[in-house]
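Chemist: Mind looking at a prediction? Sequence and model below.
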Amino acid sequence: MSAIRKLLRDNRGFLVFLLAFGLIRTAVADYNPIPSGSMHPNILEGDVVLVNRLAYHLKIPLTGIVVARLGEPLRGDIVTFSSPRDGTRLIKRIIGLPGDVVAMRDKRLIINGQAASYDALGLAAESEGLLALRMKETLGNRPHDVQWLDHRVSAADFGPVRIPPDQYLMLGDNRDNSADSRYIGLVQRHQLIGRASRILVSADITGNWLPRFERFGKGLYD
């Protein structure tokens, strides 16, 4: 026991640092490595994004217990959340807000009877030699890029779905390659973890693992 006490005493500063770091990560700010391509073309595999855990809630550290609401999720926000299916942490874009009626026809969104507008950006190479059609999707005054892989089987049509109170409909920007609310269901507000704001660092994990310096510090809403 004396050896343990000595070890704790000699490393007290480091242990306090670890505790403080853990509390900050679970209550204030977090980082989230991206393992999949569901948010192409905006977030890539190997990106590490900064997540503001105080964007929507104040939670008791190391728990999911909400103490207070701090802000309202907005359409177009990129958020991390716990999957309603199995609790896995996911990152997607908020498309449907409480009270909205959301539908998709031929891969194009219709929200509250208003069709989103789309502007073609061109074709881009994806993995396995595939080509993606990239589009500028505009929902209200918050445009963002999306892409479609026409050969993939996806939920091209759904709805209309009316979003209940305190629930949200999430979609990946890579619309034909994303396990989102079309498959896992709507996300409840208490399952939201935080709002992703920018890319901290990035490495090409699908290729040579070299750093992608041009993505360091890149904002997700630029």
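Modeler: Cool, the structure landed. All values reported here derive from a predicted model rather than from experimental measurement.
Chemist: in this protein, which residue is closest to the centre?
Modeler: I91 (2.4 Å; CA atoms, centre = their mean).
Chemist: if I pick that residue, what's in contact with it?
Modeler: N32, I34, S38, M39, I43, V49, I78, V79, T80, F81, A196 (CB atoms under 8 Å, 6 or more residues apart in numbering). C-beta coordinates here come from the backbone N, C-alpha and C atoms, glycine included.
Chemist: how close does I205 get to F216?
Modeler: 15 Å (CB to CB, to the nearest Å).
Chemist: On the three-state scheme, the residue nearest to the centre of the chain is what?
Modeler: Taken by DSSP: H, G, I helix; E, B strand; the rest coil, the conformation at I91 corresponds to strand.
Chemist: What pLDDT does the model give it?
Modeler: We have a pLDDT of 97 for I91.
Chemist: what's the answer for L130, then?
Modeler: 84.
Chemist: okay but it is in contact with W148, surely?
Modeler: No - the criterion here is CB atoms under 8 Å, and L130 misses it with W148 at 11.1 Å.
Chemist: what about dumping the CA coordinates of stretch 99-119 to PDB?
Modeler: Output of stretch 99-119 as PDB, limited to C-alpha atoms (Å, rounded to 0.1, in the frame of the first residue of the first chain):
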ATOM      1  CA  GLY A  99     -42.800  19.700 -36.100                       C
ATOM      2  CA  ASP A 100     -41.400  19.400 -39.600                       C
ATOM      3  CA  VAL A 101     -42.900  17.200 -42.300                       C
ATOM      4  CA  VAL A 102     -40.000  15.600 -44.300                       C
ATOM      5  CA  ALA A 103     -40.100  13.500 -47.400                       C
ATOM      6  CA  MET A 104     -37.600  12.500 -50.100                       C
ATOM      7  CA  ARG A 105     -38.600  11.900 -53.700                       C
ATOM      8  CA  ASP A 106     -36.000  10.700 -56.300                       C
ATOM      9  CA  LYS A 107     -33.300  11.600 -53.600                       C
ATOM     10  CA  ARG A 108     -34.500  15.200 -53.400                       C
ATOM     11  CA  LEU A 109     -35.700  16.600 -50.100                       C
ATOM     12  CA  ILE A 110     -39.100  18.200 -49.500                       C
ATOM     13  CA  ILE A 111     -39.500  19.900 -46.100                       C
ATOM     14  CA  ASN A 112     -42.900  21.300 -45.100                       C
ATOM     15  CA  GLY A 113     -44.000  21.200 -48.700                       C
ATOM     16  CA  GLN A 114     -41.000  23.100 -49.900                       C
ATOM     17  CA  ALA A 115     -38.600  21.300 -52.200                       C
ATOM     18  CA  ALA A 116     -34.900  21.900 -51.500                       C
ATOM     19  CA  SER A 117     -32.900  23.400 -54.400                       C
ATOM     20  CA  TYR A 118     -30.000  21.600 -56.100                       C
ATOM     21  CA  ASP A 119     -27.100  22.900 -58.200                       C
END
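Chemist: Pull out the buried positions in it.
Modeler: Within stretch 99-119, the residues scored as buried using 16 or more other CB atoms under 10 Å are D100, V102, A103, M104, K107, R108, L109, I111, A116, Y118.
Chemist: Identify the residues contacting it?
Modeler: Here stretch 99-119 has contacts from 75, 95-96, 135-139, 148, 154-163, 165, 169, 175-176, using CB under 8 Å, 6+ apart.
Chemist: Strands - which of these land there?
Modeler: Here DSSP state E is the test, and the contacts of stretch 99-119 give 95-96, 135-139, 148, 158-162, 169 as lying in strands.
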